[in-house]
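> Show me the folded form of this:
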Amino acid sequence: MAAKLNDKQIKALLRKGDAGRYAAGGGLYFRVSGEGTGFWVVRYTANGKRREITLGRYGTKPGELPLVEAAAKTAQLKADIRRGLDPLAERKRPESIKIRTVDDLAADWLKDCEKRLKHPQIPRRVYEKDLAPLFGELALERVNPLDIRQAIEQIAASGRPTIANDALMYCKQLFRHGIRLDLMTTNPADAFTVRHAGGVEQSRSRSLTIDELAKVFASFRDHSNQFTRENYLAAALLLVLGVRKGELIAAKWEEFDVDAALWNIPKERSKTGVAISVPLPPVTISWLEELHIRACNSEFVFPKRRTSKRFGHISPDTLNAAIKKLVTVHRVN
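Numbering: from 1, shown residues only. Have a look, this model is predicted:
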C-alpha cells in the first residue's frame, strides 16, 4: 500500500501542531490533536455503515506505532473486514470471552461449577494439582488425546485410581464446555473410559476388627514424631463420631455446644444438604478441649499448618498423606 505521508511529513505536522486528519492511504489517516500529538485511525465500512477505529499513538517508543507498523495493521484490519469481521465490534467484546488456553477455559468452567455444584472445590483441586501442570498452558487447539492419556495414567500410577477416574470425568466436562462455547470442535477426552484411567471402582467390603483398630492406633502412638497428635485425634474423632472426613476437618468451634454435648453441622457443610446434630460421647469432650488449646485461637478445630489461600483448615489430603507415609515406614521396616 503506497502511503501519502512519510515520516518526515508526519513530524512536520506534529511540529506545526495544527489539529486535523491527514490521509495516509488505504483508509489509514493520521490525526493531529491540538496538543501536538498524533494518532493513527482507520476508516472503513462494515455491514453498510461507515466506521472509524483508533489504532494507537504515533511514535517509536514501546506501545507506539511508527508509519510502517500502522500501515501493516491497517492491511490486516482490512483483510479481517473482508472476512466479515467488524474490528470495532470485536474490540468491544469483553475480555472474559477471549479464551485461548486450557487454563483460560478451566477458569470459565470452574466458575460454572461454583454455580451448580455443592462442592466446587473438588474439581478445582483435581484440575490445579493434576491437570493444569501438564497441559494448562497449551492453546486449546494444541491439546490432544495424548495429553489426556498422560494425565490419567500418571495419576493412576501414583496409586490414586479414584482420582484418575475423577480427573477423566472432569476433562470430559471441561472440553465439553469448550465445545459449548464454540471454542473447540472435538473433545480430546471422549475416547477414554475408566478402563483407561483408574479402572472400574469396586465397593469396599473390608472393615477393621476391634483388635486391628487397636493395633492401628498403637502404631499411631508409636510413631508420634511422624503421625502428629492432631492427626491422631482427628482419626479418633472420625472413628467415634462416624462423620465424613470433609465435615470434620472443616469444623469450626462455633458449631460445638459442649454443655449440650452436641456438634451441630450446618446444612452448608453437610454432604446431604441437611443440618445434622451429632452427639458427643464424654471421651470426645476432652479431645476437643485439647484440640482447642492446640488450635491457638483459630476458628477451625483443625487449622491449616502451612500458608494456603484455598483453606483456613487443613487440606483434605493431610490425613490420607500422613497415614500413607506411616504405611510406607512399616513396609520399609
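
> in stretch 113-123, what counts as buried?
For stretch 113-123, burial by neighbour count (16 or more other Cβ atoms under 10 Å) applies to Cys113, Pro123. Yep, even glycine has a C-beta here, placed from its N, CA and C like the rest.

> Quote the end-to-end distance of that stretch.
Using Cα to Cα, to the nearest Å, the end-to-end distance of stretch 113-123 comes to 8 Å.

> Could you shift the numbering so residue one becomes 457, and keep it that way?
Understood, numbering begins at 457; the last thing we discussed is stretch 569-579.

> hmm, who's touching that stretch?
The contact list for stretch 569-579 (Cβ atoms under 8 Å, 6 or more residues apart in numbering) reads Leu566, Arg580, Asp622, Tyr626, Gln629, Gly702, Lys727, Gly729, Arg766.

> what's the answer for stretch 643-658, then?
599-601, 603-605, 608-609, 611-612, 616-621, 623-624, 627-628, 630-632, 634-635.

> Now the buried members of these.
599, 603-605, 608, 611-612, 616-617, 619-621, 623-624, 627-628, 630-631, 634.

> Quick one: mark the members of those that sit in helices.
603-605, 608, 611-612, 617, 619-621, 623-624, 627-628, 630-631, 634 (DSSP state H).

> What about Gly504, how many residues nearby?
5 (other Cβ atoms under 10 Å).

> just the one 10 residues further on next, same as before
A total of 23 residues lie near Tyr514 under the criterion other Cβ under 10 Å.

> beta partners for it?
Applying DSSP bridges to Tyr514 gives these bridge partners: Leu521.

> how much space between it and Lys467?
9 Å (Cβ to Cβ, to the nearest Å).

> what does Ala563 give?
Distance from Ala563 to Lys467, by Cβ to Cβ: 45 Å.

> and what of Gly473?
In terms of Cβ to Cβ, Gly473 sits 12 Å off from Lys467.

> do Gly592 as well
Taking Cβ to Cβ, one finds Gly592 at 47 Å from Lys467.

> Ramachandran angles for the closest residue to His769 other than its chain neighbours?
Computed as Cβ to Cβ, 6 or more residues apart in numbering, the closest residue to His769 that is not its neighbour in sequence is Phe756, at 4.2 Å. Dihedral pair for Phe756: phi -100, psi 150, per degrees, to the nearest 10.

> Show me what Phe756 is bridged to.
Residues in beta-bridge contact with Phe756 (DSSP bridges): Lys708.

> so what's it up against?
Contacts of Phe756 by Cβ under 8 Å, 6+ apart are Ala706, Ala707, Lys708, Trp709, Gly768, His769.

> From what I see, the third one and Ala751 are in contact.
No: counting by Cβ atoms under 8 Å, no contact exists between Lys708 and Ala751, whose distance comes to 10.2 Å.

> More neighbours: these two, which one.
More crowded of Lys708 and Ala751, by other Cβ under 10 Å: Ala751, with 17 against 14.

> what about the nearest residue to that one once chain neighbours are set aside, distance to Arg766?
Nearest residue to Ala751 in three dimensions, chain neighbours excluded: Pro759, at 5.5 Å (Cβ to Cβ, 6+ apart). Pro759 sits 13 Å away from Arg766, going by Cβ to Cβ.

> Compare the two and say which is more crowded by neighbours.
Pro759 (17 against 12).

> check contacts around the more buried one.
Pro759 touches Ala751, Cys752, Gly768, His769, Ile770, counting by Cβ under 8 Å, 6+ apart.

> check contacts around the fourth one.
If I follow you right, that is His769. Contacts of His769 (Cβ under 8 Å, 6+ apart): Ile705, Ala706, Ala707, Phe756, Val757, Phe758, Pro759, Lys760.

> can you list the domain ranges for the chain.
Split into domains by automatic domain parsing, the chain comes to 463-549, 558-652, 666-788.

> Can you classify Ile509 by secondary structure?
strand (DSSP: H, G, I helix; E, B strand; the rest coil).

> That one contacts Lys548, correct?
No: counting by Cβ under 8 Å, Ile509 does not reach Lys548; the two are 10.5 Å apart.

> Of those two, which one has the most company?
More crowded of Ile509 and Lys548, by other Cβ under 10 Å: Ile509, with 18 against 8.

> quick one: pLDDT of that one?
As predicted, Ile509 sits at a pLDDT of 91.

> List the contacts of it.
Here Ile509 is in contact with Val497, Val498, Tyr500, Leu533, Pro543, Leu544, Arg547 (criterion: Cβ under 8 Å, 6+ apart).

> Just the buried ones among these, please.
In the contacts of Ile509, burial by neighbour count holds for Val497, Val498, Tyr500, Leu533, Pro543, Leu544, counting by 16+ other Cβ under 10 Å.

> just to revisit the earlier point, possible to save the contacts of Ile509 as CSV with secondary structure and distance to Arg572?
Conversion of the contacts of Ile509 to CSV gives the following (DSSP: H, G, I helix; E, B strand; the rest coil; distance: Cβ to Cβ, whole Å):
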residue, secondary structure, distance to Arg572
Val497, strand, 45
Val498, strand, 43
Tyr500, strand, 42
Leu533, helix, 40
Pro543, helix, 36
Leu544, helix, 35
Arg547, helix, 32
